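coordinates only, sequence not included:
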C-alpha cells in the first residue's frame, strides 16, 4: 500500500472510507435487491454494476455471488480472489480513464439501506481485555485476585447467540427476564441494568475441517475482516443466570454490528505489538510478529430527543491481551471446525484509564457512581430512548481507515 | 392415533420405526443425492418418489423441498403441511391399494447413508435434569447444597457450538487442549477424561421474531420433533476453562445426533406428568397439561474389537425437571429469536438410581470408581476405540415409537 494514492472520487477529509480502506458490505436501494457494495467516501460502489463494466474480467465471479443477501459466498471465493477485487477497485478509483469514472456505478450512502453483512453461522465471544476482566473481577470477586487462575493461560471465551446479531440502525427493545433482588425471591420484568459492551469482531473467511487445529501462524489467513460490535447486556439478568454455565439471556436479546467489513489487508499498516504475556503461554498460543491492531474506539450515548451525543468512552483495540490469531488457534485446538461467516468478538475492550472503560458496568463501577452526559443528564445504566453509537478508525501518516459506526436505540420493553 | 393400524410393509416386531412413528430424515444412496426419507421398519420411503406418485396432490410441495441436503425447508412449510404429509403416508402404508404398494419407492436402510437431518442455526444446551445437576453439585461443590440458588427458578442453559454437530456414524478424534494438573502449570495434550452425555434435543419448527416471547402454551407449536443427542465432553478441559463464562472447548469438538427426527405428534401418546416443581415457578414458566414424555433411554459402550456392547446406563426422558415448553419459553422471554432448525438439547438425563446416570462422570463418580463392561474391562472415562451407542424408544399398549440410535467411535487424538 502506497501513501500517495489519489482517487478521482471526492472523499471528505476525515472519511473512514478512504481509498486505502474499501470495505465490503450489503446494501439495497428502493429496488430492495440486496447486493454487495464497497464504501468510498460518502458513496457505495455497486460491485455487480462494476463487474458489468468488465473491470474484473480476469476473475471468474458469477453475478449470483455479487447480487446476494450476504457476503458469505463472496468471502468463500478466498483471499486470492477477494484481495484482487479490492486492489482492482483501488486501481480503477485512482485511474482517470477507468470505466468506473465514465459510467459511475455509485450510490450515495444516504440513498441506501445497509444490511447485516454476513449470515453468521456460529458466534463466539471472547473476554480478552485484561483491563475489563480485572475490573469485573475487582467488582464481583476479590480485588486482590481479580483475574481468575485460567485467564492468563488461555483466551477465555464462550458461545453466543447468532440469530440475534443485527445490523447498525436496527433498534432493540429492553428485554424482559428473570432477576433476583437481594433477600427476595426472583421476579419477572424488564431488565433494570441494560448495558453496552464495546467490542470488535472478526469474520471467518476460510473454513476448517472438524478435527483440524489452525495454528497462530495460519490464523490470519482464516480471517476475512472486522466490524464494530456492541454486545448488549442485561446485567441483572446475567448476574442471576450465569453460574455455572455462563451468560445466556443476559446477552442473547441482541448484538449490533457495523455494516462495513474492513479487511485485514486494509488494516495491515496499523499492526502494533501486543502487551507482553507473562507467564509465557503454551506453544500452541505463541506467535510471531505484530498481531495487535491500533484502532481508536469511541462510545457515545445520545438521549432521546437530543441532537447531540456524548462521548462516554475512548478505548483502543491495541490494548487486547489476547490477539485474534491466539483466539482462533485456541478455538480450534480441540478440532472445532470453522465456517465462512462465523463471527468471533473480542469481549469488552477497556483501557487502563477510567474514561477508556468499555461498558457502563465499569464506567459506573457497578452502578455506584454516575456518568455525566453533555446535556447534564446522568447515567448508571442505559435509559429507554438512549441511542448507543460506537465508532472506530485507524490513522497513521495521514492515512485513515475506519469502520463507520454501529448505532442502535434502546426502545422500552414490550 | 388408533392402536389398530395395520401396514402392508413388513415391520419387525421390536422396530423403533413402526407405522405409528414415521420419522423424517435425510438419506442418500449410491447416487449421492441427498433427499428426504421416512423410516418404516427396515426401509426408507423416498419422499420425492412418493410425491411423484401424486399421493400429496392436495399439498403444494416443490421437488426442491424434498430433494434437499436438509429438512429445514420441509419443516418450514409448517406443521399444517408436515403433519398432513405424515398422516397421508400412514394412510397409504395401511392401504393395500396404495400406489406406494405397487411402485415401491422404498430403499433398504442397509443400502442408504444417513446424513445430518437439519442445518443447525443455533444450538442451545440446557441443564434440566435435577438428578444430573445434583450429582455434579455434590461432586464439585457442596454436597449439602448441591443445587445452585437459580436452578429451581429457571432452566439453566448455555449456547453451544452448532458447526460441530454431526450425525450418527461419524467418528470423532479425542480432542487436544489445555488442562491443569493440580499444583502444576497448565499443559497441552490429548484430553484424558472423554465422556458422553446422554441427552435428547428438539428441533425448532417455526421461527419467532426478535423481540417476541413464545409462551409455554405456544411452545410446542414451535417444536418439530426430537433426536437423541450425545453431548461429547472433555471433562479435564472443561474443568480448567469453564469459570466464569461456561463450557467452551470441553464441548465444542463434537455433538452427535441420531438421524431420524421423531415428530412431537408421533410422541403424543407418551405424554406424562413432569416432576412437581417446588418452589412454584414464575408465571411465564408455568404450564398446563402433560409436557413430559416417557422415552426409555439406554447408553452402551462397545470397546474396540468387541462385537458386543455393554449397557452402562438406562434412563428416561420423563425424569426431566424442566420440560421443553418451559425451556423454549425461557429462551425467548428476553425476545431472543428462533429459527427453523435451531436445536435445543436437554442436558444430561440422569435418573435417581446409580445405573440411570447419563454420563461417565456420574457413573464413575468423577473417576473414583470403575464401571464394568461385559467383557471384564473397566472404564472410568472413555478409551480410544470405544464406540458409544445411545438408544431411545417409547412403548405403550403394544405401540412402539423409537429413535433408532446415535453411535460414534472415539478415535485416538490427532
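Received the coordinates, thanks. These numbers were taken from a predicted model, which means no experiment stands behind them. Numbers count the residues shown, from 1 in each chain, chains lettered A, B, ... in the order given.

By proximity to chain B, which residue of chain A wins?
When distances are taken as Cβ to the nearest Cβ, chain A approaches chain B most closely through residue A:246, which lies 2.4 Å from it. C-beta coordinates here come from the backbone N, C-alpha and C atoms, glycine included.

Could you name the specific helix or strand carrying that residue?
Secondary-structure element containing residue A:246, defined by DSSP states H and E: none, the residue being outside all helices and strands.

burial measure for the residue lying closest to it once chain neighbours are set aside, as a count.
Nearest residue to residue A:246, sequence neighbours excluded (Cβ to Cβ, 6 or more residues apart in numbering or on different chains): residue B:246, at 2.4 Å. Neighbours of residue B:246 under the rule other Cβ atoms under 10 Å in any protein chain shown: 27.

Now do the strands in the stretch 51-200 of chain A.
A:106-108, A:113-115, A:123-126, A:157-160, A:165-167, A:172-173, A:176-179, A:187-190, A:194-195, A:198-204 (DSSP state E, counting those that start in this stretch).

Can you tell me how far the residue nearest to residue A:246 is from residue A:213?
With distances defined as Cβ to Cβ, to the nearest Å, the gap from residue B:246 to residue A:213 amounts to 22 Å.

ok, residue A:326 touching residue A:155?
Yes: taking Cβ atoms under 8 Å as the definition, residue A:326 is a contact partner of residue A:155 at 5.7 Å.

Name all residues that sit in contact with these two at the same time.
Common contacts of residue A:326 and residue A:155 (Cβ atoms under 8 Å, 6 or more residues apart in numbering or on different chains): residue A:285.

coming back round to it: contact partners for the residue of chain A closest to chain B?
The contact partners of residue A:246, by Cβ under 8 Å, 6+ apart, come to A:158, B:158, B:242, B:244-247.

ok, of these, which one's closest to residue B:223?
Nearest to residue B:223 among the contacts of residue A:246: residue B:158, at 19.7 Å, using Cβ to Cβ.

and that closest one, how many residues sit next to it?
Counted with other Cβ under 10 Å, residue B:158 comes out at 25.

related to what we said a few turns ago, for the residue nearest to residue A:246, phi and psi?
Backbone dihedrals for residue B:246, given as degrees, to the nearest 10, come out at phi 100, psi 180.

residue nearest the centroid of chain A?
With distances taken as Cα atoms, centre = their mean, chain A has residue A:228 as the residue nearest its mean C-alpha position (2.6 Å).

got the contact list for the longest helix along chain A?
When secondary structure is assigned using DSSP state H, the longest helix within chain A turns out to be helix A:79-93. Residues outside helix A:79-93 that contact it (Cβ under 8 Å, 6+ apart): A:5, A:7-9, A:19, A:22, A:24, A:38, A:40, A:45, A:47, A:50, A:55-56, A:58-59, A:61, A:74-75, A:98-100, A:205-206, A:221, A:224, A:263, A:265-266.

rewinding a little: so can I have a markdown table of the contacts of residue A:246 showing pLDDT and distance to residue B:312?
Rendered in a markdown table, the data for the contacts of residue A:246 read as follows (pLDDT from 0 to 100; distance: Cβ to Cβ, whole Å):
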| residue | pLDDT | distance to residue B:312 |
| --- | --- | --- |
| A:158 | 98 | 30 |
| B:158 | 98 | 26 |
| B:242 | 95 | 25 |
| B:244 | 94 | 32 |
| B:245 | 95 | 31 |
| B:246 | 96 | 27 |
| B:247 | 97 | 22 |
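
Make a markdown table out of those residues and add distance to residue A:299.
Below are the contacts of residue A:246 laid out as a markdown table (distance: Cβ to Cβ, whole Å):
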| residue | distance to residue A:299 |
| --- | --- |
| A:158 | 23 |
| B:158 | 27 |
| B:242 | 30 |
| B:244 | 24 |
| B:245 | 22 |
| B:246 | 26 |
| B:247 | 30 |
